[in-house]
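Student: what would the 3D arrangement of this be:
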Amino acid sequence: MFSIPGKAAVSITQAAEARIARLMADKGAAGLRIGLKKGGCAGMEYTMELAETAAPNDEVVEQGEARVLIAPAAQMFLFGTVIDYETGLLDSGFRFVNPNVTEACGCGESIRFEPLQGSAAPRG
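Tutor: Numbers count the residues shown, from 1 in each chain. Down below sits the predicted model:
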């Protein structure tokens, strides 16, 4: 796992905490699992699903009644991310403020990361 002792992998705003806690309570879930997959015009997309249990290598971030489970393959790309939940007139949803993103598409659904030295970073 990719972590720094004493520092949570991601931060959760109060709005996101309330929304995640409500989703967990409504569905009887153990947490909201977030990850990454190839796709979109910039190369990568965030994934989210309610999980019944934490997987053995998930990074678990708990805040109040909210629990975020970070899939192993996404941990190093999500470190330092702030997860927010915004409610607007036309739509509502989670928003990721990720300092590791080097490019995002115009629609905000797809992201790209700087290639890692000595390895093949996810690219589209």
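Student: middle-most residue in the chain, spatially?
Tutor: By Cα atoms, centre = their mean, the chain has its centre lying nearest to residue 34, at 4.3 Å.
Student: just the helices in the protein please.
Tutor: Ranges of helices within the chain are 14-27, 75-78, based on DSSP state H.
Student: which of the ones you listed sits most buried?
Tutor: helix 75-78 (a mean of 20; mean count of other Cβ atoms under 10 Å). Where C-beta positions appear, they are placed from N, C-alpha and C, glycine not excepted.
Student: from memory residue 36 sits against residue 74, does it?
Tutor: Yes: the criterion here is Cβ atoms under 8 Å, and residue 36 meets it with residue 74 at 4.5 Å.
Student: neighbour count winner among those two?
Tutor: Counted by other Cβ atoms under 10 Å, residue 36 and residue 74 do not tie: residue 74 has more neighbours, with 23 against 20.
Student: contact partners for residue 74?
Tutor: The contact partners of residue 74, taken as Cβ atoms under 8 Å, 6 or more residues apart in numbering, are 34, 35, 36.
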